[in-house]
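Trainee: below are the sequence and a predicted model; questions follow.
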Amino acid sequence: MQSLGKVLVTGGAGFIGTELVEQLYTKGYEVTILDKQDKPMGLDHVKYIQGDLSSPARCVMACAGQDYVIHLAAKARIPESFINPDEYFDSNVVGSRNILTAASAVGVKKFVYAGSSSVYGNNTAPNKPNHKPDPLNYYAMSKLFGEHLCKQYKIMFGLNYNILRFFTVYSENQPNTNTGGLMIGKFARLAKEGEPLTIHGDGEFKRDYIHVTDVARALIASIESKVKNDTFNVGTGKSVSVNTVVEVLKTFVPDLTTINVEKPRGYAPETLADISKTKNLLNWSPKISILPGLSMTFEEIFKRKAR
């Protein structure tokens, strides 16, 4: 099969990256991963470069010969960003600058930046790409700074980009540890272990949950589209409360218990993607809606328990 092009995925061994790499490879792209962790099993079909974005030389080596760069690598925990803001600046801002510099130096056709819905902050939902950013935490600030860098590299060096702002990404394969886990993964693990779930505030804050397979499809649509130098939302266009997520989980664990604690700082009351622009310009729309997707995900996690 003739190659559709060469794609570098930073953070390609992570939660979103793993799904993206498989979809790219299946479609016929030659894929290179740049990731700081040791090479995981099952990636012998792609080129793997172990390295950190803090090394400009490693970034240039990874970008050399690539047609596209999809930049996923980032630190992404809001509470942790308040504790270690310098680490978030180094990873998400300096790291992004280094990979942008490398991509522009070697003549990459398009740079796709994984943005975050966190930049919308307290904007009234639905969130639209043209809303004025309102970051409420250091993580959101660092992701917004990365967006500005993409735009500036277009101005200074002619590097074409697209920014995709992810809403709340989930699947059965997402991290589930107490320190590094994401909510859906942590909730499922605690439920399996018979432990209570910790609910921040009254549980009524809402999120637009988007399945990782749809996120990967959007990223691929972004490199394949002729549209460039623009910003898009990647969500379902629907939002549900944390309490609703708990109710879905209770269909698998009826005696599930919860503990309500004070809501941490830095969180918006609702994120809800307006995806009309993404549909119209990238010809993309999600295939998995929220409630069936969450139910499917929890079902798969609990099947694994029985194996």
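Mentor: Yes, it's here.

Trainee: and residue 109, what is it in contact with?
Mentor: Shown in contact with residue 109 (Cβ atoms under 8 Å, 6 or more residues apart in numbering): 67, 68, 160. Bear in mind the C-beta positions are built from the backbone N, C-alpha and C, glycine included.

Trainee: can you check residue 260 too?
Mentor: Residue 260 makes contact with 199, 200, 201, 202, 203, according to Cβ under 8 Å, 6+ apart.

Trainee: state the phi and psi torsions of residue 200.
Mentor: phi -80, psi 130 (degrees, to the nearest 10).

Trainee: Provide the partner residues of it in its beta bridges.
Mentor: Per DSSP bridges, residues listed as beta-bridge partners of residue 200: residue 261.

Trainee: so is residue 9 in a helix, a strand, or just coil?
Mentor: strand (DSSP: H, G, I helix; E, B strand; the rest coil).

Trainee: before we move on, back to that, which of the contacts of residue 260 tops the neighbour count?
Mentor: Tallying neighbours with other Cβ atoms under 10 Å puts residue 199 at the head of the contacts of residue 260, with 19 neighbours.

Trainee: would you mark the buried spots in the longest helix belonging to the chain?
Mentor: Secondary structure of the chain per DSSP state H: the longest helix is helix 138-157. The neighbour-count check on helix 138-157 (16 or more other Cβ atoms under 10 Å) flags 138-147, 149-150, 153-154 as buried.

Trainee: format the contacts of residue 109 as CSV; extra columns: pLDDT and neighbour count.
Mentor: CSV is the format used below for these (pLDDT from 0 to 100; neighbours: other Cβ atoms under 10 Å):
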residue, pLDDT, neighbour count
67, 98, 17
68, 98, 24
160, 98, 18
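
Trainee: and residue 261, how far is that from residue 200?
Mentor: Residue 261 is 6 Å from residue 200, where distance means Cβ to Cβ, to the nearest Å.

Trainee: thinking again about what came up before, which one of the contacts of residue 260 sits closest to residue 12?
Mentor: residue 200 (31.1 Å; Cβ to Cβ).

Trainee: surely the closest one meets residue 265?
Mentor: No. Under the criterion of Cβ atoms under 8 Å, residue 200 makes no contact with residue 265, lying 10.6 Å away.

Trainee: shaky segments in the protein?
Mentor: 1, 177-181, 305-307 (pLDDT under 70).

Trainee: got the domain ranges for it?
Mentor: According to automatic domain parsing, the chain comprises the domains 6-170+210-236+273-282, 183-205+239-271+290-306.

Trainee: of all the ones you listed, which one is nearest residue 176?
Mentor: Closest of those to residue 176 is domain 183-205+239-271+290-306, at 3.4 Å (criterion: Cβ to Cβ).

Trainee: wait, is residue 135 part of a helix?
Mentor: No. Secondary structure assignment (three-state DSSP) places residue 135 in coil, not in a helix.

Trainee: make CSV from the buried residues of helix 138-157 and add distance to residue 38 to it.
Mentor: Conversion of the buried residues of helix 138-157 to CSV gives the following (distance: Cβ to Cβ, whole Å):
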residue, distance to residue 38
138, 28
139, 25
140, 30
141, 30
142, 25
143, 26
144, 31
145, 29
146, 26
147, 30
149, 29
150, 29
153, 31
154, 35
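
Trainee: nearest to residue 192 among the residues you listed?
Mentor: residue 139 (28.1 Å).

Trainee: leaving out the residues flanking it, which one is nearest to the closest one?
Mentor: Leaving aside its sequence neighbours, residue 139 sits nearest to residue 81 (Cβ to Cβ, 6 or more residues apart in numbering; 3.9 Å).

Trainee: count of neighbours near the one you found?
Mentor: By other Cβ under 10 Å, 23 other residues sit near residue 81.

Trainee: try residue 196
Mentor: For residue 196, the count of nearby residues is 11 (other Cβ under 10 Å).

Trainee: the stretch 201-307 of the chain: helices as residue ranges?
Mentor: Taking DSSP state H, counting those that start in this stretch, the helices of the stretch 201-307 of the chain run over residues 212-224, 242-250, 276-282, 290-306.

Trainee: the second one packs against which elements?
Mentor: Using 3 or more Cβ pairs under 8 Å, 6 or more residues apart in numbering; DSSP states H and E as the contact definition, the elements that helix 242-250 packs against are helix 183-192, strand 197-200, helix 290-306.
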